[in-house]
Structure formats: structure tokens, C-alpha cells
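In: here is my input, please return the structure:
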Amino acid sequence: MRTTTTLLRLCAAGALVTCASLAHAVDWRPDAVVLEAGVGRNGNALAGAGLSWDWSWHRNAGAAELSARTELLLNEWRADDFGGGHQNFTQIVLLPTLRMQMAQGRSPWFLELGVGASYMDPLYVTPDRQFSTRFNFYDVLGVGYRLGADREVGLRLNHVSNAGIKKPNPGEEFLQLQFVQRF
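Out: Predicted coordinates:
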């Protein structure tokens, strides 16, 4: 038993050293700050901020350039409460996004598609909707415009649900305006 514990500790220490070395080799500095606001179908509202990391991955696909980035977002939802008034929900999102820019990346216009994960606190329960899980998928479909090399604006349709993993699963949609400032 003691040999197993010692072996597990050595393996854990080795894994930590390896992970620390890899984290040091990766550039963790974000490439941009993200601000967003949105409205939902039921009068709900969303406001948030986050950071974005560009991937080094780029591909030409005909007349378009494909690229990707990952966003880490902290959103606050505002929804109706039982008995009147409003309640707030905090959401953390990790969202990889695929981007397509026309004219092989020279056009200021872009389309984007993302599927990520979110965690909601507290559990989303309103008078007309109830999520069954705090963990949900966070899907976006958007169009945007680059305002020079360091700024962009976008309009996104956002859907949050657990993809039917557990019932009830009513989902929630938002139409969002996003602003990105690159460093």
C-alpha cells in the first residue's frame, strides 16, 4: 500500500513538472479583450466581458481564410424573478470559435461559428424556464466587421442548452452585440 502511495505521489509530481514546463512554453497572454451585451426572447438581458486568444492555425479555403480563436467570457444574465422583480445569474464560458474571412483574409467582413461550454451560477430557474443543469453548451453564429487592425464589432446569435442530456432543456437564445479590442 505504501509503495502504491509513493508511486502515485511521484507520478503526480512528474505530471505537475511536465504541465508547468508546457505552460511555460505556451504564451498565455491574451490577444484581445471582449465586451458583449445581448437581449433574449423573453426580455432577458446579458452583459459580459472576457479575453480572447488567437490560434496560430490558418487555412485558405478557396476565396476565404479560415482561422480560430478561444474566448473566456464572464457573463451576467438578468431575468424575471418569481413574484416580480429580477434576478441575476453568472455564467463562465469557454468558447473555441472558427472564423471565415473573405478575400483570403483581406476583407473586413467575417463569419464565425463556435461551440463551447458554460457554467451557470445559480441554476437558471425563472417563472417561464428552468435549466436542469448548470453545465451547458454555448453555441454562437455571427457576422462581424474589422475596424482596422485592432478593433472589431460583431452581431451574434447565441444559444445555450444542455443538448438534451437532461430534461428539462428549454434552452435560451440571445442576440448579442460584441466589441473586440486587440492588444
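In: tally up the residues packed near residue 115, please.
Out: By other C-beta atoms under 10 Å, 14 other residues sit near residue 115. Where C-beta positions appear, they are placed from N, C-alpha and C, glycine not excepted.
In: try residue 181
Out: Residue 181 is flanked by 13 other residues according to other C-beta under 10 Å.
In: quickly list what it is bridged to.
Out: According to DSSP bridges, the residues that bridge with residue 181 are residue 33, residue 151.
In: next one: residue 46
Out: Beta-bridge partners, per DSSP bridges, of residue 46: residue 38, residue 77.
In: how far away is it from residue 78?
Out: Distance, residue 46 to residue 78, using C-beta to C-beta, to the nearest Å: 8 Å.
In: next one: residue 101
Out: 33 Å.
In: more crowded one of those two?
Out: When residue 101 and residue 78 are compared for neighbours, residue 101 comes out ahead with 21 against 15, by other C-beta under 10 Å.
In: can you tell me the helix or strand for that one?
Out: strand 86-102 (DSSP states H and E).
In: just how off-centre is that strand within its chain?
Out: 3 Å (C-alpha atoms, centre = their mean, to the nearest Å).
In: report all helices and strands that that strand contacts.
Out: Here strand 86-102 touches strand 45-61, strand 64-80, strand 109-121, strand 135-146, going by 3 or more C-beta pairs under 8 Å, 6 or more residues apart in numbering; DSSP states H and E.
In: save those strands as JSON lines, and put in distance to residue 29 and mean pLDDT too.
Out: Formatted as JSON lines, the helices and strands packed on strand 86-102 follow (distance: least, C-beta to C-beta, whole Å; pLDDT from 0 to 100):
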{"stretch": "strand 45-61", "distance to residue 29": "8", "mean pLDDT": "94"}
{"stretch": "strand 64-80", "distance to residue 29": "13", "mean pLDDT": "96"}
{"stretch": "strand 109-121", "distance to residue 29": "21", "mean pLDDT": "97"}
{"stretch": "strand 135-146", "distance to residue 29": "21", "mean pLDDT": "97"}
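In: quick one: secondary structure of the spatially closest residue to residue 167 that is not a sequence neighbour?
Out: Of all residues beyond its chain neighbours, the one nearest residue 167 is residue 132 (6.0 Å), with distances taken as C-beta to C-beta, 6 or more residues apart in numbering. Under DSSP: H, G, I helix; E, B strand; the rest coil, the three-state class of residue 132 is coil.
In: next, find the distance separating residue 88 from residue 126.
Out: Per C-beta to C-beta, residue 88 is found 11 Å from residue 126.
In: ok, these two, which is more surrounded?
Out: Comparing residue 88 with residue 126 by other C-beta under 10 Å, the one with more neighbours is residue 126, at 19 against 11.
In: report the beta-bridge partners for the residue nearest in space to the middle of the chain.
Out: Of all residues in the chain, the one closest to the mean position by C-alpha atoms, centre = their mean is residue 95, 3.0 Å from it. Beta bridges link residue 95 to residue 71, judged by DSSP bridges.
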